[in-house]
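[1] With the sequence up front, the predicted model follows.
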Amino acid sequence: MRRASKLAVPLGLGFAFLYLPILLMVLFSFNDSRLVTSFTGFSARWYVALWENEALMGAAVLSFRIAAVSATMATVLGVVAGFALARMGRFRGRAAFAGAMAAPLVMPEVITGLSLLLMFVAMEQAFGFPAGRGADTVAIAHATFGAAYVAVVVQARLADFDTSLEEAAMDLGARPWKVFFLITLPVIAPAIAAGWLLAFTLSLDDLVIASFVSGPGASTLPMVIFSAVRLGLTPDLYALATLLVAVVAIGIAIATWVVMPRRPR
């Protein structure tokens, strides 16, 4: 008990340092005053102002669309890469392939963004694609590093996979593609979903790489927020952040409810 009480104080301070600023941000999103340094009363006027802010709303829609597309591409690439690393054994070039997949996990975002920009410029000069920088290049760039995270999640799940289930299905006459869709895929589906959500979150949150590979008319939500913050904080930004926190909280609650073990009545 004494040891637990000693740990409670630093643990409480740590949680307060993490979550108290978020609670204050939620509180000031309902501030009646335009000033972000004093609270004068409750009001939802900044949520109305957020809805009427075409720049922020357009950037939010664009960011969600890019995140969904890039997460889907990253999931396809990551699942294939995870299968190759977990199931194909020691093939020629495996070390180089594993290193290439792990590089985005540790590579500084500035280096990644700069290298992708140079690659897009070279591709445009050589093949004519992509024609300039925009939402497509941002989605492709996000898919490149998102695939690495998906591959790690899928490979870890396949490492603990009970292959006897697949062997039993093949012994009963099932073809490999049927074994994959009826046995393997349902078992690793939670890992694939987790990888997609991780890639989606990373794409939605990215600022540095998107700043390198985006173009006019393709400013993502983090880019717009960063530009607005440099000119000064406004309560509608607090309202937008509060809505994002609410969406994340609802998603976590639903995920917890789904994976929570059911107690027998």
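    Nice, I can see it. Every value quoted in this text rests on a predicted model; they were computed, and no experiment measured them.
[2] burial of R34, as a residue count?
    A count of neighbours around R34, defined by other Cβ atoms under 10 Å, yields 12. Using the backbone N, CA and C atoms, a C-beta is placed for each residue, glycine as well.
[3] any chance you could map the helices in the stretch 51-200 of the chain?
    Using DSSP state H, counting those that start in this stretch, the helices found in the stretch 51-200 of the chain span residues 54-87, 94-106, 109-127, 135-159, 163-171, 176-179, 185-205.
[4] What lies in contact with the fifth one?
    Counting contacts by Cβ atoms under 8 Å, 6 or more residues apart in numbering, the residues outside helix 163-171 that touch it are 176, 178-179, 182-184, 187.
[5] my guess is R133 meets M123, correct?
    No. Counting by Cβ atoms under 8 Å, R133 does not reach M123; the two are 11.2 Å apart.
[6] Buried only: go through the contacts of helix 163-171 for me.
    179, 183-184 (16 or more other Cβ atoms under 10 Å).
[7] Turn these into CSV, columns for distance to I254.
    Shown next, in CSV, are the buried ones among the contacts of helix 163-171 (distance: Cβ to Cβ, whole Å):
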residue, distance to I254
V179, 31
I183, 27
T184, 26
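[8] and which of these is nearest F129?
    Distance to F129, by Cβ to Cβ, is smallest for T184 among these, at 34.6 Å.
[9] Quickly note the distance from the closest one to F83.
    T184 sits 9 Å away from F83, taking Cβ to Cβ, to the nearest Å as the criterion.
[10] With Y19 instead?
    Going from Y19 to F83 by Cβ to Cβ gives 39 Å.
[11] Which one's more surrounded, the two?
    F83 (17 against 10).
[12] Pull the contacting residues for the spatially most central residue of the chain.
    Residue closest to the average C-alpha location in the chain (Cα atoms, centre = their mean): T201, at 1.8 Å. Contact analysis of T201 by Cβ under 8 Å, 6+ apart lists A67.
[13] just the helices of the stretch 51-200 of the chain: most buried one?
    Among the helices of the stretch 51-200 of the chain, helix 135-159 has the highest mean neighbour count (mean count of other Cβ atoms under 10 Å), at a mean of 23.
[14] and that helix, how far from the chain's centre?
    Offset of helix 135-159 from its chain centre (Cα atoms, centre = their mean, to the nearest Å): 10 Å.
[15] How about stretch 205-221?
    Relative to its parent chain, stretch 205-221 has a centroid offset of 15 Å by Cα atoms, centre = their mean.
[16] Can I get it in CSV? Just the C-alpha atoms.
    Output of stretch 205-221 as CSV, limited to C-alpha atoms (Å, rounded to 0.1, in the frame of the first residue of the first chain):
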residue,chain,number,x,y,z
ASP,A,205,-1.6,13.8,-38.3
ASP,A,206,1.3,14.3,-40.7
LEU,A,207,2.5,17.8,-41.3
VAL,A,208,6.2,17.6,-42.4
ILE,A,209,5.9,15.2,-45.3
ALA,A,210,2.7,16.7,-46.6
SER,A,211,4.4,20.2,-46.6
PHE,A,212,7.0,18.8,-49.0
VAL,A,213,4.8,16.9,-51.4
SER,A,214,1.6,19.0,-51.5
GLY,A,215,0.8,21.8,-53.9
PRO,A,216,-1.6,24.7,-54.3
GLY,A,217,-5.1,23.8,-53.4
ALA,A,218,-4.0,20.7,-51.5
SER,A,219,-3.3,22.0,-48.0
THR,A,220,-4.2,19.4,-45.4
LEU,A,221,-5.7,20.1,-42.1
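[17] Where does pLDDT dip in the stretch 1-150 of the chain?
    Along the stretch 1-150 of the chain, segments meeting pLDDT under 70 span 1-5.
[18] 90 instead, please
    The model of the stretch 1-150 of the chain has pLDDT under 90 over residues 1-58, 60, 83-109, 121, 123-135, 145.
[19] could you dump the helices of the stretch 51-200 of the chain to TSV with distance to F28?
    Conversion of the helices of the stretch 51-200 of the chain to TSV gives the following (distance: least, Cβ to Cβ, whole Å):
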stretch	distance to F28
helix 54-87	17
helix 94-106	36
helix 109-127	30
helix 135-159	31
helix 163-171	53
helix 176-179	55
helix 185-205	22
